[in-house]
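Visitor: everything below, folded, please.
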Amino acid sequence: MTTAELKQEMRQVLEDNILRFWLDNMIDREHGGFYGRIDGHGQVHPQADKGAILNARILWAFSAAYRVLGHHEYLEAATRAKRFLIDHFIDPDYGGVYWSLDYKGEPKDTKKQFYAIGFAIYGLSEYARATGDEEALKCAMNLFECIEQHAFDAENNGYIEACTREWGPIADMRLSELDANYPKSQNTHLHIIEPYTNLYRALCEKEKGRVKSEKFATVFESEELKVKSEKFATAADSAMNTSAVAIFSLFTLHSSLSNLIHIFTDHILNPETCHLDLFFENDWTRGAGHLESYGHDIECSWLLHEAAIVLDDKGELARVEPIVLQVARASEKGLNADGSMVHEANLDTGTVDTDRHWWVQAEAVVGFINIYQHFGDEAALQKALHCWQYIKEQIIDRDGGEWLWSRHADGTPNLDDDKAGFWKCPYHNSRMCLEIIERELN
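Guide: Below you'll find the model as predicted:
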């Protein structure tokens, strides 16, 4: 298969199989936004709770699809998701986003999980990229400030998992029942570096034509900016200082994004195995035993690379790229002979999750394509194509639309988990398609 043929297949699956499913089945025209769940048998649950992650990922997917493909139908869906996120998920009293709403759009679980806030930034910043919408960009910046104010650990570096609605300590910090209860995780950091990269990119695209080029080029070397940061931060009401505010926003995002890259390379990456450790105490002591998540390894390899590329620091990129290769190669431990990748393994117990999860396959395709594109690795291209063949044959639901949650190791489909729901969103798979469509591949 040529890369041109691959792009053509990706577009067809994106439009006809993934996005069409969500447009036809998930829009809640009675209570607003989107339904909270369709089970593995295709049954809609109109009274299911609505999760922040689901809504934010829908916002990202349709915003990105509109930006790349330009179909007005995608803009309408993205705008519906943006409006529902801002009007219902944003906490008007304390800031941040609620974890979940009931089916009518009223707050249900009001805790502040920073993973979910990160996805809200991801969706809003993509909507701003696609449309130039000032409300979405401002809201994304406000949520960025929430994370920096309430999640950042100034003593040990890094970001904690969760707080109460009022930003107080919370006993159960777990992202889900499947996770260990530790104050820091690889997964949350991964989905903070991802939106920070996109928000930084959105600001750069917006401001490059308005901020004087000489200031823009030297902003990150400016000691004066650092000294006067408080002045810049409070200059938003002055039309004369719009460039200063833009520069300050770019500077703070640049600093946070650069720091996140170092968090991954200095704390989360296991230097002995080149896998990413999963759970940590506040001081970065590893918790929950020896775990390896091959899906997160390959996803991180390309998201870390993307962050360094968007940061546009040649020295940092040169430092990161060998690590990108190491992590991608380490993830290959999860590859199967049929081209698929298993999710994770517990080395202490010898337990391996052998299911072929939909999101792991999508990230494997992007991760190996990234290695091929930037490092000229033909073997990586073949790994991506092999995994794509597995997806086409085993994961895509040709009859019901969208993708299965997973297939078991014996090849039987997993119908117990959702087709669409709190964790099953048009994000990993639509992003895979859009990444391949947008990349320059020979």
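
Visitor: now do stretch 268-280: distance from first to last residue.
Guide: One end of stretch 268-280 to the other measures 9 Å (Cα to Cα, to the nearest Å).

Visitor: what comes up buried for that stretch?
Guide: 268, 269, 270, 274, 275, 276, 277, 278, 279, 280 (16 or more other Cβ atoms under 10 Å). Yep, even glycine has a C-beta here, placed from its N, CA and C like the rest.

Visitor: what comes into contact with that stretch?
Guide: The contact list for stretch 268-280, computed with Cβ atoms under 8 Å, 6 or more residues apart in numbering, reads 158, 179-180, 182-187, 189, 264, 267, 286-288, 291-293, 296-297, 300, 323, 326-327, 329-331, 333.

Visitor: go through these and flag which are in helices.
Guide: Using DSSP state H, 186, 187, 189, 296, 297, 300, 323, 326, 327, 329, 330, 331 are the members of the contacts of stretch 268-280 that sit in helices.

Visitor: just list the residues touching residue 356, thanks.
Guide: 336, 340, 341, 342, 390, 394, 395, 406, 407, 408, 409.

Visitor: now the helices for the stretch 1-150 of the chain?
Guide: For the stretch 1-150 of the chain, the helices defined by DSSP state H, counting those that start in this stretch occupy 3-12, 20-25, 52-69, 72-84, 114-131, 134-150.

Visitor: picking up where we left off before, now the ones in helices among the contacts of stretch 268-280 in a markdown table, with neighbour count and pLDDT?
Guide: A markdown table is the format used below for these (neighbours: other Cβ atoms under 10 Å; pLDDT from 0 to 100):
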| residue | neighbour count | pLDDT |
| --- | --- | --- |
| 186 | 23 | 97 |
| 187 | 20 | 97 |
| 189 | 24 | 98 |
| 296 | 25 | 98 |
| 297 | 30 | 98 |
| 300 | 29 | 98 |
| 323 | 20 | 98 |
| 326 | 17 | 98 |
| 327 | 26 | 98 |
| 329 | 16 | 98 |
| 330 | 20 | 98 |
| 331 | 29 | 98 |
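
Visitor: make a markdown table out of the residues you listed and add distance to residue 99.
Guide: Converted to a markdown table, those look like this (distance: Cβ to Cβ, whole Å):
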| residue | distance to residue 99 |
| --- | --- |
| 186 | 20 |
| 187 | 15 |
| 189 | 19 |
| 296 | 21 |
| 297 | 27 |
| 300 | 24 |
| 323 | 33 |
| 326 | 35 |
| 327 | 30 |
| 329 | 36 |
| 330 | 32 |
| 331 | 30 |
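
Visitor: ranges for the strands of the protein?
Guide: Secondary structure of the chain (DSSP state E): strands located at 50-51, 100-101, 107-109, 112-113, 162-163, 184-185, 279-280, 286-287, 291-293, 344-346, 351-352, 356-357, 406-407.

Visitor: just so I know, which of these lies nearest residue 374?
Guide: strand 291-293 (22.8 Å; Cβ to Cβ).

Visitor: specify which member of the ones in helices among the contacts of stretch 268-280 is nearest to residue 140.
Guide: residue 189 (18.4 Å).

Visitor: correct me, but the closest one touches residue 260?
Guide: Yes. When contacts are counted by Cβ atoms under 8 Å, residue 189 is listed as touching residue 260 (6.8 Å).

Visitor: what sits against residue 78?
Guide: By Cβ under 8 Å, 6+ apart, the neighbours of residue 78 are 59, 62, 63, 65, 66, 127, 130, 131.

Visitor: mind redoing it with 10 Å?
Guide: By Cβ atoms under 10 Å, 6 or more residues apart in numbering, the contact list for residue 78 reads 58-67, 123, 126-127, 130-131, 133, 136.

Visitor: spatially nearest residue to residue 378, not counting backbone neighbours?
Guide: Nearest residue to residue 378 in three dimensions, chain neighbours excluded: residue 372, at 6.9 Å (Cβ to Cβ, 6 or more residues apart in numbering).

Visitor: likewise for residue 286?
Guide: Using Cβ to Cβ, 6+ apart, the closest residue to residue 286 is residue 277 (4.9 Å).

Visitor: how close does the one you found get to residue 269?
Guide: Per Cβ to Cβ, to the nearest Å, residue 277 is found 8 Å from residue 269.

Visitor: just residue 145 next, same as before
Guide: 28 Å.

Visitor: residue 206 now?
Guide: From residue 206 to residue 269 the distance is 32 Å (Cβ to Cβ).

Visitor: what about residue 205, how many residues close to it?
Guide: The local packing of residue 205 (other Cβ atoms under 10 Å) involves 12 other residues.

Visitor: cool, and residue 414?
Guide: 15.

Visitor: quick revisit: overlap in contacts, residue 189 and residue 260.
Guide: 158, 159, 268.

Visitor: residue 253: which of the residues you listed is nearest?
Guide: residue 159 (14.6 Å).

Visitor: that closest one against residue 187, yeah?
Guide: No. Between residue 159 and residue 187 there is no contact under Cβ atoms under 10 Å: 11.3 Å.
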